[in-house]
Structure formats: structure tokens, C-alpha cells
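*Asks:* Fold the following and give me the result.
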Amino acid sequence: MSDHGHVGEQHRSHRSGWLRAGVLGANDGLLSTASLLIGVAAGNASRSVLVLTAVAALVAGALSMAAGEYSSVASQRDAELADLQMERRSLAADPNEELLELAELYCQKGLTQALSMEVAQQLSAIDAFAAHSRDELGLNPDALTSPIQASLSSALSFSLGAAVPALTMGLASSALRIPGTVVLTLLALGVLGGIGARLGGASVTRAAVRLVLLGGGSMAVTTLVGRVLGTSV
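*Replies:* This next block holds a predicted model:
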């Protein structure tokens, strides 16, 4: 039984890209929208002003996240495609030199020179471009990140996060707007941190506490700012 125990191992590093984008998007939506609304509410704003602020914050934040993520991923994808095209040209121009380069990579990983050459030859016979893309560049030509998918994912995660404080602030009574938003936002941040840590294989408690403390500090500052400006403006 012990000889085969490793077969069921499930590594989580492949989730890092989409997990990072989803967690950051939802966290930004929760915290930025809650902090903004609490600051405005602390200045004694009316319900209509709070609703308008919530809608504007959600829409503007989602569009900003989408644009930023699209730009970032598109730039990364362009660089990856350029590297892949360069590698394809090198293979066409001098396949023998590229074979030696691939073998040297395997030597550097600990294989003997003879075995490295054998592995390089066999992989090159199957698909030289795929072998170089994977082992030299660390890329999979068939699984490059889509800028559109990344931008839509970021916009959606931000919107879902922002909806929590937006709905709470819009539906709660005047006496419960700020405390209700704070409590629900902190709970949501804790859950978000726990889920992200669980999926990523990290400490659930540490991640949840970290987000709750950071979120509480942010909302405390904006509450103070709102109260000061609300009485002086």
C-alpha cells in the first residue's frame, strides 16, 4: 500500500494564477467598497447618496479590475508568444544546436550526459517544439492564459465581493448601516481568506485572521475620516 501512496497526491500550485486573481478581485471588491461606503455613511450621507455611491463603486471597480487584468495578462501573453516564435525560428534554423541545448538542460538537472542526449533525442522526435517550450521556456503553447477570460473573472469576482457591503448599506436601517456592513464584511473577508487558503493548501486560520485584521483596520480609518470630514465640510 505504501509503495503506491504517492499516486493520489494532488498538488495545488497549478491553481495559483486563477486563485490569486479570484481572491484579489473579491477581496478588493469587499474591502474597497465597504471602506468607501462606511466613510460616506460616517459623514451622515442619505440612503440615496449611499446607493449611488455603492453602484458607482461597484461598476467603476469592476471595470477597472477588468481593464487592469486584461492589460497585465495581454502583455504577459505577448511576451510568451514572442518567446515561442523565437524558439520556433531557432528550431527551424539550427535543429542540431537546439538539440544540444535541450540535452544541456537535462544535464543541469542531474542526468548524465549520455542519458540527457537520449532523452533530448526522444522528446525531439516526438515534438521538438513542445519539448523546448516546456523545458527551456517553461510554457505550454496550448494553455496560455486568455486576457479576456482573466478580465471577466476579475470583474466578476470584484462585483461579487462589492455586492456584500453594497446590499448591506442599501438595505439596512440607518442605525445598522455601519455596524452591519462592518460585521458582514469582516465575516466575508474571513470566509474568503479561509477558502483561498484551503484551496491553496495554506493555513486557513492565518489567512482568515490576516484578512480580517487588515479589513478592520481599513474600515476603521475610513470611518474616522468620514466622521471628521462629515462634521467639518
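*Asks:* So which elements touch the helix of greatest length in the chain?
*Replies:* If you go by DSSP state H, the chain has its longest helix at helix 47-93. For helix 47-93, the elements it packs on are helix 16-42, helix 95-108, helix 113-135, helix 147-171, judged by 3 or more CB pairs under 8 Å, 6 or more residues apart in numbering; DSSP states H and E. C-beta here means a position set from N, CA and C on the backbone, and glycine is covered the same way.
*Asks:* what pLDDT, on average, does that helix get?
*Replies:* For helix 47-93, the mean per-residue pLDDT is 93.
*Asks:* how far off helix 95-108 does that helix point, in degrees?
*Replies:* Angle, helix 47-93 to helix 95-108, by axes from the mean of the first three to the mean of the last three CA atoms, to 10 degrees: 120 degrees.
*Asks:* how much does helix 47-93 deviate in direction from helix 113-135?
*Replies:* Using the same axes, to 10 degrees: helix 47-93 against helix 113-135 is 140 degrees.
*Asks:* next one: helix 47-93 to chain centre, how far?
*Replies:* How far helix 47-93 lies from its chain's middle: 11 Å, per CA atoms, centre = their mean, to the nearest Å.
*Asks:* these two touch, right, residue 159 and residue 58?
*Replies:* Yes. Using CB atoms under 8 Å, residue 159 makes contact with residue 58 at a distance of 6.0 Å.
*Asks:* Please identify every residue contacting each of these two.
*Replies:* residue 29 (CB atoms under 8 Å, 6 or more residues apart in numbering).
*Asks:* What residues of stretch 122-142 count as buried?
*Replies:* Applying a neighbour-count criterion of 16 or more other CB atoms under 10 Å, one finds 123-124, 128, 131-133, 135-136, 139 buried in stretch 122-142.
*Asks:* Show residues contacting it.
*Replies:* 80, 83-84, 87-88, 91, 95, 98-99, 101-102, 105-106, 120.
*Asks:* what's the closest of these to residue 217?
*Replies:* Nearest to residue 217, judged by CB to CB, of these is residue 80 at 37.9 Å.
*Asks:* Look up how far residue 66 lies from the closest one.
*Replies:* According to CB to CB, to the nearest Å, residue 80 and residue 66 sit 21 Å apart.
*Asks:* got it, and residue 178?
*Replies:* Distance, residue 178 to residue 66, by CB to CB: 29 Å.
*Asks:* again with residue 121
*Replies:* 46 Å.
*Asks:* which of these two has more neighbours?
*Replies:* Taking neighbours as other CB atoms under 10 Å, residue 121 and residue 66 compare with residue 66 leading, 22 against 13.
*Asks:* Would you enumerate the residues in contact with that one?
*Replies:* Counting by CB under 8 Å, 6+ apart, residue 66 makes contact with 151-152, 154-155.
*Asks:* from these, which two are the most distant?
*Replies:* Across the contacts of residue 66, the longest distance by CB to CB is 7.4 Å; it joins 152 and 154.
*Asks:* residues in contact with residue 101?
*Replies:* By CB under 8 Å, 6+ apart, residue 101 lies in contact with 132, 136.
*Asks:* neighbour-wise, which of residue 152 and residue 154 wins?
*Replies:* Shown here are residue 152 and residue 154; by other CB under 10 Å, residue 154 has more neighbours (27 against 15).
*Asks:* from memory that one sits against residue 72, does it?
*Replies:* No. Residue 154 is beyond contact range of residue 72, at 9.5 Å (criterion: CB under 8 Å).
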